[in-house]
Structures are given as C-alpha cells and as structure tokens.
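# Mind looking at a prediction? Sequence and model below.
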Amino acid sequence: LLDEYNIKATFFVTYKDDDSSISIYKEIVNRGHKIGIHTSSHVYDEIYSSIDAYLDDFNKVFTHIYDITGVKPDIFRFPGGSINPYNVSIHKEIIAEMLRRGFTYYDWNVDSGDGFVDSTKTSIIESVKNRSKNFNKVIVLMHDSDYKQNTYQALPTIIDYLNENNYNIEKLDSTIVPIIFAYKD
C-alpha cells in the first residue's frame, strides 16, 4: 500500500525470530523505509523494572535487527511513550543514557486509536483527522500487524486526508525534529 502512494514510513519493531518476521525486517529496509527499535519483549513491568533491564531489552532487539539487515537502527520509540506509569521513576535516566549512546527517540502527537480493542476503520480515520487538526507537524501512532486490518483499511483515507491538508509524509530520520512528551520535575 505504501508503495502505491510512493511513501516511505518508519517501523518501530519488536523482537521476533520467526521466518516471516525476519523477512519483514529485511523488506522494511529493502523498500527504503526506516527501521527503528521499539522493544524486545514489550512487557512493561520487565523492561521498565530498571535502567539495566531497559538497556538489555533494547540491546537484544538492536543486535537482532543489525544481524538480519546490516542496518544499525539509530531511532527508537519507548513502549507506552517516553513517559508512562511504568517508567516514571527512571525515564530521565533512560533518556539520558540513550541520548549519550547516540539514539534519538520519537513520541507522537496524534494517536490513531488503533491500539484499542474496539477500534474500527472509521474510528481510526476520525481519530487521525480530529487529532491532527491543531498541528502543523504530526507523528501518527499506528500499529502494523496481521490482526490490525482496520488500520490497513483506514490508511488510504488517512494518506489522502494528510496529503489534501498539505502534510508531508516522510520517514523519520535525523533531519526530522522529534516530538517528545514533556515532563515536569
């Protein structure tokens, strides 16, 4: 679908070691999309139990992606966003260490709502339209998996809407200033 629109996207991936997932990692890179790290396990209680736990989880998927694709991902997205109830006591330390290691993280300012069990094609489209209205620049949170057919079905309408409203649809890289959640001391 992205090829039909000549769009390059960013995929923040989790660790999977089956043939299908390995093929998908390679396809992301071969088609010119950006591959970034999401997490290895995606188990919040485990990855956010300590700074070392987060770094170990990150390194596992980072090494896996590099071994498979030959690409060293330099961007990532925190599960639950950079500040969430699971990492509230350690998020600053994790962020500082990841930045020190040369990685850039991206949060989002438009949630498609496709992570909700009851999301529909229509609810996803409306969520993106309504939530993007107040921003000149949007990073839309969407999920890509076999069971997210509503997301896939909503994507053409969302792409058309963003194009009609003069948004540039691009993959994330070092030229794109990150959207990050703000936090207070």
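Alright, I've got the coordinates.
# Residue 11 and residue 80, how far apart?
According to Cβ to Cβ, to the nearest Å, residue 11 stands 18 Å off from residue 80. From N, CA and C alone the C-beta is placed, and that goes for glycine too.
# got any ranges where this structure has weak pLDDT?
146-147, 183-185 (pLDDT under 70).
# all strands of it, in order?
Under the criterion DSSP state E, the chain contains strands at 10-14, 34-39, 75-76, 104-105, 110-111, 140-141.
# Not counting its own residues, what contacts the first one?
Pointing back at strand 10-14 there. 25, 28, 33-42, 61, 65, 75-77, 106, 144, 171-172 (Cβ atoms under 8 Å, 6 or more residues apart in numbering).
# Repeat the analysis, applying 7 Å as the threshold.
25, 28, 33-40, 42, 61, 65, 76-77, 144, 171-172 (Cβ atoms under 7 Å, 6 or more residues apart in numbering).
# Equivalent analysis for stretch 92-110, please.
51, 54-55, 74-78, 81-82, 87, 128, 131-132, 135, 138-141, 172, 174, 178-181.
# Show the buried residues in these.
54-55, 74-78, 81-82, 87, 128, 131-132, 138-141, 172, 179-180 (16 or more other Cβ atoms under 10 Å).
# Give me the subset of the residues you listed lying in helices.
If you go by DSSP state H, these have 54-55, 128, 131-132 in helices.
# ok, those vs residue 158, which is closest?
For these, the closest approach to residue 158 (Cβ to Cβ) belongs to residue 128, at 5.0 Å.
# Contacts only, for the closest one.
110, 112, 140, 158 are the contacts of residue 128 under Cβ under 7 Å, 6+ apart.
# go on, residue 60?
So residue 60 contacts 15, 40 (Cβ under 7 Å, 6+ apart).
# Distance check, it against residue 105.
In terms of Cβ to Cβ, residue 60 sits 17 Å off from residue 105.
# Please look at residue 180 and residue 83 and confirm they touch.
No. Residue 180 is not in contact with residue 83 according to Cβ atoms under 7 Å; the separation is 8.9 Å.
# Please identify every residue contacting each of the two.
Joint contacts of residue 180 and residue 83 (Cβ under 7 Å, 6+ apart) do not exist.
# Residue 112 touches residue 140, doesn't it?
Yes. The pair residue 112 and residue 140 qualifies as a contact (Cβ under 7 Å) at a distance of 5.8 Å.
# Report the buried members of the contacts of strand 10-14.
25, 28, 33-40, 61, 65, 76-77, 171-172.
# Tell me which two in those are the farthest apart.
By the measure Cβ to Cβ, 40 and 171 form the most distant pair in the buried ones among the contacts of strand 10-14, at 22.3 Å.
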